[in-house]
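Visitor: Below is the structure, and that's it, no one-letter string:
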């Protein structure tokens with residue numbers, strides 16, 4: 001599951017938000033599809049709802065013939081009427097995708113995923129749009145490994161934008177200001193004991209501005225373990241972290257999502273509980289101040 005894109009079917013996401021008919025008699029409020037006339041497989045991959053009930057969907061679409069897939073950002077009102085559609089195309093006109101969306105207090109939208117650039121191939125791409133869907137700026141990661149990706153984006157209470165993903169095959173955390181200026185001189189990186197491929201899939205920020213990420217890390221035995229990391233707002237990895245959760249045997253394990261509740265972090269994914277069997281769903285609870293699973 002390298003460089004996880006968290007692809008989800010658009011209709012499924014809308015159903016989760018607005019309620020497809022269930023056994024309790026709920027009725028469908030509305031369902032909307034979106035696709036261009038160019039015959040491609042457009043999809044929605046990320047969703048956010050603002051305080052006014054507007055729905056923002058990020059994903060991909062072929063907006064212009066010959067450009068491949070572009071990043072796609074859509075805005076619907078609460079009645080399901082499309083307000084605007086803003087594509088972003090990497091300079092290589094290859095496959096681009098939005099994996100996550102965040103909205104600040106002024107209604108600006110930050111979308112993260114990957115863009116294909118003419119110089120270095122696939123790059124982590126962070127794009128800012130204003131509340132009207134007008135493009136403001138784009139930042140890319142800039143390595144030459146052709147595998148960089150942004151998987152999650154969050155905005156801190158002091159207005160900084162944090163992105164997690166993969167940079168040069170290391171688990172990465174970026175920090176930007178609202179003007180798109182990178183902080184810390186570059187991303188905070190974690191390279192696992194196997195010195196191979198690591199990445200972060202999700203992040204959350206607590207009330208003290210600590211940033212938690214989760215994903216997977218390649219260990220010295222040659223397989224992937226679940227990975228959880230904690231950084232301060234200066235990008236320093238905190239004592240007691242990383243936390244790696246190994247499943248059974250020489251098999252791969254991974255965490256996908258994080259949620260903060262009070263003084264605890266909950267993260268979920270999958271792990272192999274016994275060698276030779278299929279993997280099981282996994283839920284881990286960490287203390288914010290500690291590190292070891294509870």
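Guide: Arrived safely. What you are looking at is a predicted structure, and each value in this text was computed from that prediction instead of being measured.

Visitor: what pLDDT does residue 291 get?
Guide: Residue 291 is assigned a predicted lDDT (pLDDT) of 73.

Visitor: contacting residues around it?
Guide: Shown in contact with residue 291 (CB atoms under 8 Å, 6 or more residues apart in numbering): 230, 239, 240, 241, 243. Using the backbone N, CA and C atoms, a C-beta is placed for each residue, glycine as well.

Visitor: any chance of the residues you listed in CSV, plus distance to residue 107, neighbour count and secondary structure?
Guide: Shown next, in CSV, are the contacts of residue 291 (distance: CB to CB, whole Å; neighbours: other CB atoms under 10 Å; DSSP: H, G, I helix; E, B strand; the rest coil):
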residue, distance to residue 107, neighbour count, secondary structure
230, 30, 23, strand
239, 38, 7, coil
240, 38, 13, coil
241, 34, 18, coil
243, 36, 21, strand
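
Visitor: Can you pick out the most distant pair from the residues you listed?
Guide: The most widely separated members of those, counting by CB to CB, are 239 and 243 (11.8 Å).

Visitor: Buried residues of stretch 235-249, list them for me.
Guide: If you call a residue buried by 16 or more other CB atoms under 10 Å, then stretch 235-249 has these buried ones: 235, 241, 242, 243, 244, 245, 246, 247.

Visitor: again with stretch 37-48
Guide: Applying a neighbour-count criterion of 16+ other CB under 10 Å, one finds 42, 43, 44, 45, 46, 47 buried in stretch 37-48.

Visitor: related to what we said a few turns ago, most widely separated two among the buried residues of stretch 235-249?
Guide: Farthest pair in the buried residues of stretch 235-249 (CB to CB) is 235 and 247. Separation: 29.4 Å.

Visitor: Redo the buried residues of stretch 37-48 as a markdown table? Include distance to residue 74, secondary structure and pLDDT.
Guide: As requested, the buried residues of stretch 37-48 are arranged in a markdown table below (distance: CB to CB, whole Å; DSSP: H, G, I helix; E, B strand; the rest coil; pLDDT from 0 to 100):
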| residue | distance to residue 74 | secondary structure | pLDDT |
| --- | --- | --- | --- |
| 42 | 10 | coil | 87 |
| 43 | 11 | strand | 91 |
| 44 | 8 | strand | 95 |
| 45 | 11 | strand | 95 |
| 46 | 11 | strand | 97 |
| 47 | 10 | strand | 97 |
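
Visitor: Could you dump those residues into CSV and include distance to residue 127?
Guide: As requested, these are exported to CSV (distance: CB to CB, whole Å):
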residue, distance to residue 127
42, 18
43, 18
44, 16
45, 14
46, 12
47, 16
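
Visitor: For residue 97, state which of the contacts of residue 291 is nearest.
Guide: Closest approach to residue 97 among the contacts of residue 291 (CB to CB): residue 230, at 27.8 Å.

Visitor: so the closest one makes contact with residue 236?
Guide: No: with contact defined as CB atoms under 8 Å, residue 230 does not reach residue 236; the gap is 9.7 Å.

Visitor: Tell me the gap between stretch 169-187 and the middle of its chain.
Guide: Distance of stretch 169-187 from the chain centroid (CA atoms, centre = their mean, to the nearest Å) equals 15 Å.
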